[in-house]
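Peer 1: Predicted model follows, preceded by the sequence.
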Amino acid sequence: MPTIAQIAEALGAEAEGDLRIEVDGAAEPAAAGSRDLAMALSPRWGEALGQGRARAALVWPGADWRALGLEAAVFAPRGRLAMAGLTQLLDEPPFPPGIHPSAFVDPTARLGEGVGIGPLTIIAAGAEIGDGTCIGPQVTVAEGVRIGSQGVVHAGVRLNRRVTIGARAILQPNAVIGGDGFSFVTREPAYVEIARETLGKGPIPVPEDPSWHRIHSLGGVVIGDDVEVGACSTIDAGTIRPTRVGDGTKIDNLVMVAHNVVIGQHCLLCGQAAVAGSSVIGDRVVMGGRAGVGDNLTVGDDVVLTGNTGVLSNVPSGRVMMGYPATRIDQQIESYKALRRLPRILRDLAAGVSKQPKDG
Amino acid sequence: MPTIAQIAEALGAEAEGDLRIEVDGAAEPAAAGSRDLAMALSPRWGEALGQGRARAALVWPGADWRALGLEAAVFAPRGRLAMAGLTQLLDEPPFPPGIHPSAFVDPTARLGEGVGIGPLTIIAAGAEIGDGTCIGPQVTVAEGVRIGSQGVVHAGVRLNRRVTIGARAILQPNAVIGGDGFSFVTREPAYVEIARETLGKGPIPVPEDPSWHRIHSLGGVVIGDDVEVGACSTIDAGTIRPTRVGDGTKIDNLVMVAHNVVIGQHCLLCGQAAVAGSSVIGDRVVMGGRAGVGDNLTVGDDVVLTGNTGVLSNVPSGRVMMGYPATRIDQQIESYKALRRLPRILRDLAAGVSKQPKDG
Amino acid sequence: MPTIAQIAEALGAEAEGDLRIEVDGAAEPAAAGSRDLAMALSPRWGEALGQGRARAALVWPGADWRALGLEAAVFAPRGRLAMAGLTQLLDEPPFPPGIHPSAFVDPTARLGEGVGIGPLTIIAAGAEIGDGTCIGPQVTVAEGVRIGSQGVVHAGVRLNRRVTIGARAILQPNAVIGGDGFSFVTREPAYVEIARETLGKGPIPVPEDPSWHRIHSLGGVVIGDDVEVGACSTIDAGTIRPTRVGDGTKIDNLVMVAHNVVIGQHCLLCGQAAVAGSSVIGDRVVMGGRAGVGDNLTVGDDVVLTGNTGVLSNVPSGRVMMGYPATRIDQQIESYKALRRLPRILRDLAAGVSKQPKDG
């Protein structure tokens, strides 16, 4: 168990008080036991320290830790960054090491040093797993898949053929990478193609053959280093070139990345976000929860899409967008406010527009 | 096979006619065979009885069952409640009993009386499964997970470490509980943090280090009694305290419950609903399909969020909310109606505002 | 490896130049190697041929292939249709043939000719698998499930009891078919039922028993021929009749089809789309990404719902709908434009409505 001194050193942080105190875990102030490091990252949380039994805490810069009843304190100028370091320190590897005897590892698969493979996991022919990567139970790694070093692949993940994943990947349970893209075409132009131009005002064709013919996905997926993919998220294979996710990009649960999409580096895609086929997302883009980007669009670098935003046209770099159709956030907020007022204004207009010139 | 008398007794309902008639199943009136109990819960459905061959039906109070051509009837004052009792009576256990020889049950796991474990399922060290709980095939129960009694866990469910689930849980296929929370932080403030205040009007910083540092999830998940979780839904682990779901809450498919969220008792979260990190949902809250709640918000008791609603600020108890941003339903409907009329009104204004004073 | 002549024949297309050239794969023009067939389906793509090394290409009708530097060309009057044929030609079966020795196939299951079963897959009692269908690894096929011929079932798919699937199905990884419907009822009317009528303006009842009673799903799922279901999509079982998906309908990833829903033939349901309980969708309906249809509604044939559309009332055949609440696309676009202009108009009105009659 780490001491306060060791924690401070690991975080590169200042500490004061009895630096020999050991802690077992982290806790919110009111719930902290005597062997927990309390997370009191702002004065609001400091007040609650008295309700718990923490002897030591991670505190905001300038906190008077003695007055808060503590025996030791670690100072965290950027609290959540300190949380990152601390929780990493306190976490344990998710899986025991070694290759479980029930795993099926094809003799032609190449495993690096210290690779872990969980029970009932399948590593198919020609797959490559980098040094130190831990694969959990009941995972499917298809033929020829390559996974870099020091990664973690959780239970039930499916990696289809033609998938390449960089180093230090974290794939949450039941994520699917390399499923077939959703790409179909009818023999004659379908109504959905025609309706784009007619806006549904033209006649509806009666197709001789309404069958959707399948465009197969031959392009696979290429994922960079330091990427995380959330539970039950899906990243589809490209058609004739790979779908791509750049280094350092983090993808939350239930997110859909469609075929041929290219996502840049260091993006965040929050829960249930989606990028439709062939769109290109820049670097450091943040997509809030359930934000969506339509197909064949370009979103520039440093764009922020707030939660629920639905993008229907290209977005220049640095824009903060909101709503549907996605609009610059300042304009969208104005529109929402105006819409909220609109019913009353229309009532007023209907009742008294003729009087307004005199009253105004 | 139950008789009409037995069905009536199980439902606590009145029955008339030949109570010895046996039925094998339930069916809609027009599709009912002679050994089906027809579901004719309103006069609309009663008309269709003539198209089927049912001898007995579940009918609305006061129905003239003889005139409907039936030999027996069970009266259902609250039809869907009777359906609940009836379908429970007619259903069968989803899995055969017993522990399949291909299951991996760690010797340190503790199984209650009558526990069922399906083929190729993994019960890791220290896990506890309560009496009578049936676990299907290919499930992962990680180290130390606790599941209460009389539950059902379907194929492909993933229960990660630090997950506790109460009694009578029903977990649908491929649900994931206890995946890591989506929580990342950059060393210096990221543009997404800055943009909240500037609304995207300020300069875009060029970060020296755009890397997202991971806050690990140490808090696990605590789920109460009588909770159902739908197929491919995900409930993430909390950071330093558990994500919580209260007793009696039902969660549909493809729903996301993020880290640190607290959901009260007897809530319904319909398909694709989502609650973002650290938000608190009261008791008896109903979230319609794809309703979403942003992060760090509070939703009071008895709130109803209609389908598609996106909540951006705290919601007081008892409110019925609609739309995005979520607004009281009566106001939102007014806004939508006004918006629908707006194009014409603007055209009128543009064309004739100068004449209105004289015409009005 | 196919020659240009063979490709042209397979596509029923015209070809010119050296028809004996062999190709290994397909590629975008700039990335094409000397053994790739370049996809240059429009003049925009033709320009890029010079950056790659393709000797042959799939080109638009009338393309001057010699001037583009090619030695052979296949003409594609409808490019994506040619892509469908070509990618099918170049693809390989996803799984090796045969029944893996680690698969559990119940002795009462009936397998057709040439069925493939992957490792650690479970085929339960009484299941039937049609000729030539390939089932991947770690799949669950429950008791009595029927799957037609020539299908492909990918890793981690869960097929629950009472599920019937037609011929040539393609089920992507971790899809769930036949999970229980989300159908619950309280003993006394719940607030969510009351609030529909009061719009939340009435008093909130304090329920004696807030428990949700479960309506079991006995109806299963019936899926037609030529249906595809995407990764992590879920199709729930009906209550007393099957949930149905018609022939030729294609369903993308993370889509939810709720209990009792009936979907017609040749529909497309794009990523994250959803159809709530008991709704009926016609033939040739296209639901864009994340389009949703509320419960107990009817959507006619040939309807197009653009991405993000939320349907709250019945939609007649042939309509193209957009937005929330779903509105005819031409009207909705007008409303959005008007909303965009509204803040300025309100400012103008507030500032100068009294002057407008004179200025106007």
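Peer 2: Received the coordinates, thanks.

Peer 1: Might you calculate how far stretch A:259-275 sits from the centre of the chain?
Peer 2: 8 Å (C-alpha atoms, centre = their mean, to the nearest Å).

Peer 1: hmm, it touching chain B?
Peer 2: Yes. For stretch A:259-275, a contact with chain B is found by C-beta under 8 Å from any C-beta of the partner chain, at A:265-266, A:268, A:270-272. Quick note: C-beta positions are derived from backbone N, CA and C, even for glycine.

Peer 1: Give me the subset of the residues you listed that lies in strands.
Peer 2: Judged by DSSP state E, strands contain the following of the residues of stretch A:259-275 next to chain B: A:L268.

Peer 1: Which ones among the residues of stretch A:259-275 next to chain B also lie next to chain C?
Peer 2: Answer for those near chain C (C-beta under 8 Å from any C-beta): A:Q272.

Peer 1: quick one: which of the residues of stretch A:259-275 next to chain B is nearest A:D64?
Peer 2: When these are compared for distance to A:D64 (C-beta to C-beta), A:L268 wins out at 35.5 Å.

Peer 1: What distance do you get for the closest one to chain C?
Peer 2: 18 Å (C-beta to the nearest C-beta, to the nearest Å).

Peer 1: how far away is that residue from C:T249?
Peer 2: 34 Å (C-beta to C-beta, to the nearest Å).

Peer 1: do A:A15 as well
Peer 2: Distance from A:A15 to C:T249, by C-beta to C-beta: 62 Å.

Peer 1: Out of the two, name the residue with the larger neighbour count.
Peer 2: C:T249 (27 against 22; other C-beta atoms under 10 Å in any protein chain shown).

Peer 1: What is the burial count for the closest residue to the more buried one other than its chain neighbours?
Peer 2: Spatially, and ignoring its direct neighbours in sequence, C:T249 is nearest to C:C267 (4.4 Å; C-beta to C-beta, 6 or more residues apart in numbering or on different chains). Counted by other C-beta under 10 Å, the residues lying close to C:C267 total 28.

Peer 1: Equivalent analysis for A:A231, please.
Peer 2: Neighbour tally, A:A231, other C-beta under 10 Å: 35.

Peer 1: from memory it sits against A:N253, does it?
Peer 2: Yes. Judged on C-beta atoms under 8 Å, A:A231 makes contact with A:N253 at a distance of 4.5 Å.

Peer 1: Now do the shared contacts for these two.
Peer 2: Residues touching both A:A231 and A:N253 (C-beta atoms under 8 Å, 6 or more residues apart in numbering or on different chains): A:172, B:176, B:179, B:234, B:236.

Peer 1: In which helix or strand does A:R53 reside?
Peer 2: Following DSSP states H and E, one finds A:R53 outside all helices and strands.

Peer 1: Roughly how far does the residue nearest to it when sequence neighbours are not counted sit from B:I240?
Peer 2: Among residues not flanking A:R53 along the chain, A:S34 sits closest, at 4.7 Å (C-beta to C-beta, 6+ apart). A:S34 is 16 Å from B:I240, where distance means C-beta to C-beta.

Peer 1: what's the answer for A:P343, then?
Peer 2: Counting by C-beta to C-beta - A:P343 and B:I240 are separated by 46 Å.

Peer 1: So for those two, which sits in the more crowded spot?
Peer 2: B:I240 (24 against 18).

Peer 1: Would you check that the more buried one makes contact with A:P29?
Peer 2: No. Counting by C-beta under 8 Å, B:I240 stays clear of A:P29, with 10.6 Å between them.

Peer 1: Give the residues shared as contacts by these two.
Peer 2: A:M39.

Peer 1: Contacts only, for A:V185.
Peer 2: A:212-213, A:215, C:78, C:80-81, C:83-84.

Peer 1: Which residue, neighbours along the chain excluded, lies closest to it?
Peer 2: Nearest one to A:V185, counting by C-beta to C-beta, 6+ apart, is C:R80 at 4.1 Å.

Peer 1: cool, A:V286 as well?
Peer 2: Using C-beta to C-beta, 6+ apart, the nearest residue to A:V286 is B:V192, at 4.3 Å.

Peer 1: same deal with A:G300?
Peer 2: That would be A:S317: by C-beta to C-beta, 6+ apart, it lies 3.2 Å from A:G300.

Peer 1: neighbours of that neighbour, just the number please.
Peer 2: Neighbour number of A:S317 under other C-beta under 10 Å is 15.

Peer 1: pretty sure it is touching A:V285, no?
Peer 2: No. Between A:S317 and A:V285 there is no contact, the gap being 9.3 Å when judged by C-beta under 8 Å.

Peer 1: Give me the common contacts of the two.
Peer 2: What both A:S317 and A:V285 touch, as defined by C-beta under 8 Å, 6+ apart, is the set A:300-303.

Peer 1: Just the ones in helices from those residues, please.
Peer 2: Using DSSP state H, no member of those falls within helices.

Peer 1: so of the residues you listed, which ones are in strands?
Peer 2: Short answer: the shared contacts of A:S317 and A:V285 have none in strands (DSSP E).

Peer 1: just these now: which is nearest C:L111?
Peer 2: Out of the shared contacts of A:S317 and A:V285, the member with the shortest distance to C:L111 (by C-beta to C-beta) is A:V303, at 51.5 Å.

Peer 1: and that closest one, how far is that from chain B?
Peer 2: Counting by C-beta to the nearest C-beta, the gap from A:V303 to chain B is 9 Å.

Peer 1: That residue - how many residues pack around it?
Peer 2: 30.

Peer 1: wait, it sits on A:V315?
Peer 2: Yes. In this structure, A:V303 is within contact of A:V315 by C-beta under 8 Å, at 5.2 Å.

Peer 1: Now do the shared contacts for the two.
Peer 2: Joint contacts of A:V303 and A:V315 (C-beta under 8 Å, 6+ apart) are A:M321.

Peer 1: Contact partners for A:L19?
Peer 2: Contacts of A:L19 (C-beta under 8 Å, 6+ apart): A:3-5, A:8, A:72.

Peer 1: on contacts alone, who are the packing partners of the longest helix along chain A?
Peer 2: If you go by DSSP H, chain A has its longest helix at helix A:329-352. Contacts defined by 3 or more C-beta pairs under 8 Å, 6 or more residues apart in numbering or on different chains; DSSP states H and E place helix A:329-352 against strand A:320-322, helix B:329-352, helix C:329-352.

Peer 1: Just send these back as JSON lines, with distance to C:R158 and mean pLDDT too.
Peer 2: Shown next, in JSON lines, are the helices and strands packed on helix A:329-352 (distance: least, C-beta to C-beta, whole Å; pLDDT from 0 to 100):
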{"stretch": "strand A:320-322", "distance to C:R158": "37", "mean pLDDT": "98"}
{"stretch": "helix B:329-352", "distance to C:R158": "37", "mean pLDDT": "90"}
{"stretch": "helix C:329-352", "distance to C:R158": "37", "mean pLDDT": "90"}
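
Peer 1: Distance to C:G132 added to these, as a markdown table?
Peer 2: Below are the helices and strands packed on helix A:329-352 laid out as a markdown table (distance: least, C-beta to C-beta, whole Å):
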| stretch | distance to C:G132 |
| --- | --- |
| strand A:320-322 | 48 |
| helix B:329-352 | 52 |
| helix C:329-352 | 43 |
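
Peer 1: Give me whichever of these is most buried.
Peer 2: strand A:320-322 (a mean of 26; mean count of other C-beta atoms under 10 Å in any protein chain shown).
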